[in-house]
Structure formats: structure tokens, C-alpha cells
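*Asks:* sequence and predicted structure are below.
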Amino acid sequence: MASIQPLELTADRVAEISENEDTRVFDIENKLLQGIFGCRSPEAVEASVMYARFLSSVGITPENYPVFLRMLEIENHWVIDALIGERDSLTLLSSVQPNRFIVGRILAMMTRWHRGAVYHKNLSVILGVLQSVYGSPRDGYRIYPVTIADVNAVGKHLNKAKGQNDPVNRAILAVLEKFSMLEDSSDPDVEEIAIHATAVRNAFFDDRKRMEDVIPPVLLVMVTEHDEVSPRRYVKTSKSSGSSTGKQHRR
């Protein structure tokens, strides 16, 4: 009976197997990390908080800023507090040169988030970036050409009841003012954006006007309560059932 000879692996085959294993491990790690960022359990929130603290201690660099942006998308105030730490939220990303990717990502957040359901520090970080990028409106427009939809995404987060002295309102109004400065552009599309930004500002300041007059009402639906999962030390245990809940209203 012939003996079974061991399979000889070439160097190329060994390298291929190693690369496939590395890819598989990377995919597993990525899925686990996305589960942590999802913050759907107290344990995941705690892991996200620790990750945010580590990232905060490292600081923002031109290499890791996309991870900071990903963390900002997490709608959990414990995580955001850990990420920002003692920094001024308006200047969190000031050390990174603004680019199209950054602006597009943060405007997508503004578009996706419901009015009234966003932690104010999330908004402050984003508004700080927009103030910096559009400090010179035309230069900002060259970095990222905003649209009417983008203006609405920013303007919908205004809270007229809080007035212009509210820090978030004041930051949003400042950004809209920069958009409105594009009004003398020779490009009719840019001119339309500037006119719309001015209309949103005017609706905020004019008591005779409603925000619904300039921003589609569907965007202005207010979410007054937002459920988020708490870290375990904040979880309340039911004495009757022995079960626990990690849900808590943010505001």
C-alpha cells in the first residue's frame, strides 16, 4: 500500500494562505468593532467608551481622523463625552486640514440625524468644522460645493424657541450666514443656495414666519426623546423580574 505523501507547499502558496487568513481575521475584527460602535448593549457601550478614551488620548492626526468621524456618528452621549474629553467641541477637528471627505461626511450626519435627537456636543463638533471651512465662503465652496439639501440639513437643527443666544443656534446661524455670502456669485446655482440660506436665517429671526415656510416640514419633525443604552453602572435592575434595562432617555 502506497504511503500518503505530505502536501508540499510552495512559498507562493504559503503566502496566499497567510494573506487569506489575515483577511479573514481583519473581517472578524471589523465586524466585532462595528458591533461595539453599534452600542446596543451595556457591554458594547463600555467598550466604545474605552475605545473613545484611548482615541482621545492619542489625539487627532491626518492619519486617524476618519476614525474620529466614525465615532462622532455614534449616538450615545457617554461615548461622545469620552471622545471629546476636556476639549472645546467646536475645535475638536481643527488640527486637521479640511477636505471634501470630511465635509461630506459631517453633512451626511446632519442630514441623517433627526431634529432634536442629537447630543449637542455632536452638533458642536460638526458646526465647528463648517465654520472653519466656510469662514471664507468661496474657498469653502471650492472644497465642498453645498446644495439646497445641505442648507436644509443644517438649518433644520435650529430651535427657534431657544432664541439666537443658544450656543447651537448661534453656531448654525453663523454657518448659514457664510452660505448667504455666496449671493453675489455669477453662478445662478450658487446664487440660489445663498438666497435659500438667507431665507432660512430670516425665518428664524422673523416671528411672523415659520421654519416650515422655507424648510420642508418633513425635515422639521421634532424628536423629543431618544433612547440610548447605558453603561452597566447606569443600568437599573428590576427587582421583580431580575432583568435589567440599558435604555435611558438622553435629555
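*Replies:* Received it, and whenever you're ready, just let me know what you need.
*Asks:* and Pro98, what does it touch?
*Replies:* Val129, Ser132, Val133, Ile143 (CB atoms under 8 Å, 6 or more residues apart in numbering). All C-beta atoms are positioned from the backbone trio N, CA, C, and that covers glycine.
*Asks:* repeat that with 6 Å
*Replies:* Contact analysis of Pro98 by CB atoms under 6 Å, 6 or more residues apart in numbering lists Val133, Ile143.
*Asks:* just the element for it, please.
*Replies:* If you go by DSSP states H and E, Pro98 is not part of any helix or strand.
*Asks:* run through the helices of the stretch 151-251 of the chain in chain order.
*Replies:* 167-180, 188-205 (DSSP state H, counting those that start in this stretch).
*Asks:* so for stretch 27-40, mean pLDDT?
*Replies:* Stretch 27-40 comes out with an average pLDDT of 78.
*Asks:* what are the contacting residues of that stretch?
*Replies:* By CB under 6 Å, 6+ apart, the list of residues contacting stretch 27-40 reads Ala44, Val45, Ala47, Ser48, Ile74, Asn76, Val229.
*Asks:* also stretch 203-212?
*Replies:* Leu158, Lys160, Asp213, Val214, Leu220.
*Asks:* can we see that at 10 Å?
*Replies:* 115, 155-156, 158-160, 163-164, 169, 172-173, 176, 199-200, 202, 213-215, 217-220 (CB atoms under 10 Å, 6 or more residues apart in numbering).
*Asks:* need the winner for burial among the helices of the stretch 151-251 of the chain.
*Replies:* Highest mean neighbour count among the helices of the stretch 151-251 of the chain (mean count of other CB atoms under 10 Å): helix 167-180, with a mean of 20.
*Asks:* that one relative to helix 188-205, how many degrees between them?
*Replies:* Relative orientation of helix 167-180 versus helix 188-205 (axes from the mean of the first three to the mean of the last three CA atoms, to 10 degrees): 150 degrees.
*Asks:* measure how far helix 167-180 is from the centre of its chain, please.
*Replies:* 18 Å (CA atoms, centre = their mean, to the nearest Å).
*Asks:* report all helices and strands that that helix contacts.
*Replies:* Here helix 167-180 touches helix 120-133, helix 137-143, helix 148-155, helix 188-205, going by 3 or more CB pairs under 10 Å, 6 or more residues apart in numbering; DSSP states H and E.
*Asks:* can you put those in TSV and add distance to Ser56 and mean pLDDT?
*Replies:* Converted to TSV, the helices and strands packed on helix 167-180 look like this (distance: least, CB to CB, whole Å; pLDDT from 0 to 100):
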stretch	distance to Ser56	mean pLDDT
helix 120-133	12	94
helix 137-143	26	94
helix 148-155	26	97
helix 188-205	33	95
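*Asks:* got the ones you listed as TSV, with distance to Gly35 columns?
*Replies:* Converted to TSV, the helices and strands packed on helix 167-180 look like this (distance: least, CB to CB, whole Å):
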stretch	distance to Gly35
helix 120-133	21
helix 137-143	34
helix 148-155	28
helix 188-205	38
